[in-house]
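Student: All I have is the shape, not the residue letters:
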């Protein structure tokens, strides 16, 4: 079997367990490899092919690791399908340590400016910003929200969010924000609350950035939500649940954002 045919087989098999966005990333990563080595038979792929491919990648270490992980999963699948005898992937192909950048967050004044600029633009845009700020959603999660995602859970309104890998989580809403979101949903003429493409959302965020003068992107709003929880002393496991992280280590990055709080605690408790 040739590589391109095997990729389609792999994607089709994984379509039942992965989100559309993750499937798209797998397809892009694997097609990039196929373009590099050519549409050769899968059984003829050697470790050397993967080494040359990795050397050709001009991107961040984390993205390199993601692409190599995609190849590892792909060739493990081919072994399971008995299309190849051995996975040519070697652990040494991964970059062992990726330095994680401390996430940036908006200041309180920047949040006010962003919300003001968004409200001037449209109520929908304002609500998009506010939903990420109050719920910590990924942009993909925000754009996939429908009216049916606003549900009652344990006696209160929550957002039912389907995150990476199809994992479900519930984000509690304040009474005031729940009313605001429900009122907006009732007036929506579509089932999706924010019926936009990624490109459309990016355009909106860029316009708000221009109007507010604040460097803005969706993930920065998610960082801001997480940082606020850290500032309030919320347990890292609770932050993990809010953000839908598979590992608490991912959520722990946000704790580094407010190291200055540790200095204040030391000064107040042990200072003279």
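Tutor: That came through fine. Note that the coordinates shown come from a computational prediction; the quantities given were computed from them, not determined experimentally.
Student: Counting neighbours, what do you get for residue 163?
Tutor: 18 (other CB atoms under 10 Å). C-beta here means a position set from N, CA and C on the backbone, and glycine is covered the same way.
Student: residues in contact with it?
Tutor: The contact partners of residue 163, taken as CB atoms under 8 Å, 6 or more residues apart in numbering, are 19, 138, 141, 169, 244.
Student: repeat for residue 169
Tutor: 161, 163, 241-242, 244.
Student: so of those, which ones are in helices?
Tutor: 241-242 (DSSP state H).
Student: Mind telling me the two of the contacts of residue 163 farthest from one another?
Tutor: Using CB to CB, the two most remote members of the contacts of residue 163 are 19 and 169, lying 13.5 Å apart.
Student: Filter the contacts of residue 169 down to the buried ones.
Tutor: 161, 163, 242, 244 (16 or more other CB atoms under 10 Å).
Student: export those to JSON lines and tack on pLDDT?
Tutor: Shown next, in JSON lines, are these (pLDDT from 0 to 100):
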{"residue": "161", "pLDDT": "87"}
{"residue": "163", "pLDDT": "79"}
{"residue": "242", "pLDDT": "80"}
{"residue": "244", "pLDDT": "79"}
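Student: for these, which one is nearest residue 2?
Tutor: For the buried ones among the contacts of residue 169, the minimum distance to residue 2 (CB to CB) is 34.3 Å, reached by residue 163.
Student: could you check the distance from that closest one over to residue 175?
Tutor: Relative to residue 175, residue 163 is positioned 25 Å away (CB to CB, to the nearest Å).
Student: what residues does the helix or strand harbouring residue 12 touch?
Tutor: Remark: residue 12 resides in helix 3-14, with elements defined by DSSP states H and E. By CB under 8 Å, 6+ apart, the list of residues contacting helix 3-14 from outside reads 1, 23, 26-27, 30-31, 33-34, 37-42, 45, 74, 77-78, 81, 83.
Student: quick one: pLDDT of the nearest residue to residue 43 once chain neighbours are set aside?
Tutor: Among residues not flanking residue 43 along the chain, residue 84 sits closest, at 5.1 Å (CB to CB, 6 or more residues apart in numbering). Predicted confidence (pLDDT) for residue 84: 94.
Student: Also residue 122?
Tutor: For residue 122, the predicted pLDDT is 94.
Student: For it, grab the count of nearby residues.
Tutor: The burial count for residue 122: 12, using other CB under 10 Å.
Student: Show the average pLDDT along the helix or strand containing residue 181.
Tutor: Element membership for residue 181 (DSSP H and E) is helix 175-187. Mean pLDDT, computed over helix 175-187, is 91.
Student: got it, and stretch 206-215?
Tutor: pLDDT averaged over stretch 206-215 gives 93.
Student: Can you give me the buried ones in that stretch?
Tutor: Buried residues in stretch 206-215 (16+ other CB under 10 Å): 207-208, 211-212, 214.
Student: Return the closest of these with respect to residue 227.
Tutor: Using CB to CB, the buried residues of stretch 206-215 come closest to residue 227 at residue 214, 15.2 Å.
Student: surely the closest one meets residue 116?
Tutor: No: the criterion here is CB atoms under 8 Å, and residue 214 misses it with residue 116 at 10.3 Å.
Student: Strands of this structure, start to end?
Tutor: 150-153, 156-162, 168-172 (DSSP state E).
Student: Nearest to residue 191, out of the ones you listed?
Tutor: strand 150-153 (11.9 Å).
Student: Show me what that closest one packs onto, helices and strands only.
Tutor: strand 156-162, strand 168-172, helix 175-187 (3 or more CB pairs under 8 Å, 6 or more residues apart in numbering; DSSP states H and E).
Student: Highest mean neighbour count out of the ones you listed?
Tutor: strand 156-162 (a mean of 18; mean count of other CB atoms under 10 Å).
Student: Helices along the stretch 1-150 of the chain, start to end?
Tutor: Secondary structure of the stretch 1-150 of the chain (DSSP state H, counting those that start in this stretch): helices located at 3-14, 20-37, 47-56, 61-80, 108-121, 123-135, 139-143.
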